[in-house]
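Q: pasting the sequence and the predicted coordinates here, then a few questions.
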Amino acid sequence: MTTPSASAPPPPSHTSRAHSFNAAAAQYAANRPSYPPALFDAIEALTARPLTGSRVADIGAGTGIATALLRDCGADVIAVEPGEGMAAQFRRALPGIPVIRGNGNALPLTDGCADFLTYAQSWHWTDPAESIPEAFRVLRPGGALALWWNTDALDVPWIAEEADRIGRFLGIDIAAENAGAGARAADPEGRLDFAVRRLRWSRSVPVDIHLANVGSHSLFLVHDEEAAAAFFTEERAHLLRAFPDGIVEEVYDVDLLLATNS
C-alpha cells in the first residue's frame, strides 16, 4: 500500500495548485470528463431562457470542454482563462471561439454584457468576496450565474474504495473535497439564493484514460512524480481486478448552482 512519507513537505499552496494545470493542459484536455446534455437542459429550465442566441462568458474555461458544449447549444460564447498553457490548448482546440486572459476576481468584460456567466470546475479558484460582485457587474439584469462541478459518485463501491486509496495517499478527505462544490463553499457569506440541482451521469473509458484523468487533478500535478507513478502502478492493478476487460465505468454527480441577477 502506498502511503505518504512521514517527512512529507507542507501541503501545496492554492496558487501552486491553480498554476499546475498549465504544464498539463494537453493531459487535461485529452482525459477529463465532459458534461451531460441534461446539465444544459437544467440551466435553461431554471432560468426559463434558452442558451441558443444567448451571450455567454465561460470563466476559467481551461481547455474549453464546457465552452464547446455551450457553443453547440447555440450560445454566443466568449472564454476567459487565466493560465497561459490552458489558453494555448484552448486556442488549438477551438480556434473559432475568442479566449481572453483574465480571472473571475477581475473580469476583463464590460458591465451588463452577458446573459449567462458560467464556471465549469473553476469557481473554487476564485475569491467569492471579489468574484460574486464581478459576476453581477458583468451580467445583465435577469442574467444568470451558473457554477458546476463533476464530483465522484461516492455511493458506488469501487469509486468509494478508490477515493479512500487516493485520500490516504494524498492525505486528504475526498468526501470533504466533494463538499466544496456546495452552496456554502461557493458563497460563504450566504449572499446568493442558489437554485441547486444534482445530475448523475457516467462514461466508459479505458483504464489508462481513467488514471490519466485522476492524474490531471492539481494535487497529483504538484505531487512528487516518483511517488505518484508508484501510486498509479498500484492503482492500475486495483482497477484491473475490478474491471478485467480494462474498461472503467466512471460515475459522476454534476452539482449545479444557479443564481439570477434580479
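A: Looks like it arrived, so ask away. Since this is a predicted model, take the numbers as computed values, not measurements.

Q: quick check: next helix or strand after the worst-scoring helix or strand of the chain on mean pLDDT?
A: Here the helix or strand of the chain ranked lowest by mean pLDDT, DSSP states H and E is helix 14-19, holding a mean of 55. Using DSSP states H and E, the helix or strand that directly follows helix 14-19 along the chain is helix 25-31.

Q: and that following helix, what does it pack onto?
A: Applying 3 or more CB pairs under 8 Å, 6 or more residues apart in numbering; DSSP states H and E, we find helix 25-31 packed against helix 84-93, helix 207-215. Placement of C-beta: from N, CA and C, glycine included.

Q: list the buried ones in the shortest one?
A: Buried residues in helix 207-215, counted by 16 or more other CB atoms under 10 Å: Val207, Ile209, His210, Leu211, Ala212, Asn213, Val214, Gly215.

Q: who's in contact with it?
A: Contacts with helix 207-215, where a contact means CB atoms under 8 Å, 6 or more residues apart in numbering, come from 27, 30-33, 166, 205, 220-221, 228, 232, 235-236, 239-240, 243, 246-248, 250.

Q: what ranges do the strands span in the protein?
A: Secondary structure of the chain (DSSP state E): strands at 55-59, 76-81, 99-101, 114-120, 139-152, 195-206, 247-260.

Q: looking at those, which is nearest to Ala38?
A: Relative to Ala38, the nearest member of the strands of the chain by CB to CB is strand 195-206, separated by 5.1 Å.

Q: neighbours of the closest residue to Cys73 other than its chain neighbours, how many?
A: Ranked by CB to CB, 6 or more residues apart in numbering and with sequence neighbours excluded, the top spatial neighbour of Cys73 is Leu51, at 4.1 Å. Counted with other CB atoms under 10 Å, the neighbours of Leu51 add up to 23.

Q: residues in contact with Leu51?
A: Phe40, Ile43, Glu44, Leu70, Cys73, Gly74, Ala75, Phe116.

Q: for His238, same thing?
A: Taking CB under 8 Å, 6+ apart as the test, what His238 contacts is Glu161, Glu162, Arg165.

Q: pLDDT score for it?
A: On pLDDT, His238 comes in at 97.

Q: now it: how far from Ile166?
A: Distance from His238 to Ile166, counting by CB to CB, to the nearest Å: 11 Å.

Q: can you select the buried ones among the contacts of His238 for me in ChimeraX?
A: A single ChimeraX command selects the buried members of the contacts of His238 (16+ other CB under 10 Å):
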select :162,165
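
Q: ok, the contacts of His238 vs Asn261, which is closest?
A: Glu162 (39.4 Å).
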